[in-house]
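>>> Build me a model from this:
(one chain, ligands or ions: 1)
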Amino acid sequence: MSADDRQRRVAVVTGGASGIGYALAARFAADGMDVALGDIEAAALEVAVARLADQAPGVRVLGVRTDVSSRADVDALMGAAVDAFDRIDMVCANAGVETGGRFLDVDETAWRWLMDVNYFGALHTAQAALPALERSGDGHLVFTGSLASFATGTPFMMPYCATKMAVLAVAESLEIELRASGSNVHVHLLAPGPVQSRMIDAERNAPAGVTINEDGARREAMECFRARQSAHGLPAEDVAALVAEAVATDSFYVLPHPDSATAALERRLAWMRTGEAPPVRVAGS
Ligand SMILES: NC(=O)c1ccc[n+]([C@@H]2O[C@H](COP(=O)([O-])OP(=O)(O)OC[C@H]3O[C@@H](n4cnc5c(N)ncnc54)[C@H](O)[C@@H]3O)[C@@H](O)[C@H]2O)c1
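Numbering: from 1, shown residues only. Next up, the predicted model:
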């Protein structure tokens, strides 16, 4: 490895084979960073690595098949990145999945799958990455939350909302802890509304043993999500540009849909102040 190679900054992105994760990796590579992608889909990962290498010649790209619900897999991803590139400066805990349905109809295996990927996946990624990010001297850790981190107001998407609220809690608390301890690592929470991606087909990655209930409420939630994504979904590249800007300015919150985020919080505040529950919204709205 040449001295020049050693100085190049390095990003690791989970869920990097598709959607927001791929766009983040492409953005970092375009900015001259070396990139390691972790994803559970081996074939999509291979395609993504080849595409990135093509788009950003001169940048080194690594793909490691990773299931973020496994701490051992995430440790192996970080280890492979350090072995290949000598350092890690930026980590995106981005991999995420979605399912829904009426409360009593969502099988416990589906609840656990979402917690394992969206919550424990983010936790594993942060814990495995922090030592290397501290060594960077200017480390950044980006959690992908969602508007659902701020609002539970959509019926039939309860498991997703619960996991994304947990991600918000970890991200905020960790940023506060790192500032209090004088760390040079900065945390960011990306909390988008609809973004063009393959999220609507997230159940493609449900492991054997997870029961996805085929009830009408789940289908309704997914159809609304699909409609919102195709009507209002931001290009993932625009979201990646906002993340790059937030990192450059050390902003904690990255809000691609800022009005929706504040409206969600205002609905909760009104509920707390008046005691009156907000009107039920259509799933996915
Ligand atoms: N698309 C949206 O509208 C939207 C809105 C808010 C938040 N998000 C969040 O953005 C993140 C990225 O999703 P996306 O919209 O790009 O969807 P996507 O399906 O296009 O990408 C998700 C990626 O994560 C990978 N993945 C799934 N399970 C995994 C696991 N166990 N380990 C490692 N990788 C795994 C998938 O293979 C896929 O490549 C998710 O956390 C999602 O919750 C998406």
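>>> Let me see the ranges of the strands in the stretch 51-200 of the chain.
Along the stretch 51-200 of the chain, counting by DSSP state E, counting those that start in this stretch, strands occupy 61-65, 90-93, 139-144, 185-190.
>>> So what's the gap between whichever helix or strand comes after the last one and the chain middle?
Using DSSP states H and E, the next helix or strand after strand 185-190 towards the C-terminus is helix 216-232. Here the centre of helix 216-232 is set off from its chain's centre by 20 Å, with Cα atoms, centre = their mean, to the nearest Å.
>>> quick one: buried residues of helix 216-232?
217-218, 220-222, 224-226, 228-229 (16 or more other Cβ atoms under 10 Å). Every C-beta, even on glycine, is put in place using the N, C-alpha and C of the backbone.
>>> ok so, going back, to Ser251, which of the strands of the stretch 51-200 of the chain lies closest?
strand 185-190 (6.9 Å; Cβ to Cβ).
>>> Now the strand or helix carrying Ala44: average pLDDT?
Ala44 belongs to helix 42-55 when elements are defined using DSSP H and E. Mean pLDDT, helix 42-55: 97.
>>> From the ligand, how far out is the nearest residue to Met199 once chain neighbours are set aside?
Excluding its sequence neighbours, the residue lying closest to Met199 (Cβ to Cβ, 6 or more residues apart in numbering) is Glu98, at 5.8 Å. Using Cβ to the nearest ligand atom, to the nearest Å, we find Glu98 at a distance of 6 Å from the ligand.
>>> got the contact list for Glu98?
Glu98 is in contact with 114, 157, 160, 199-200, 202-203, 225, counting by Cβ atoms under 8 Å, 6 or more residues apart in numbering.
>>> which of the residues you listed lies closest to the ligand?
Met199 (3.5 Å; Cβ to the nearest ligand atom).
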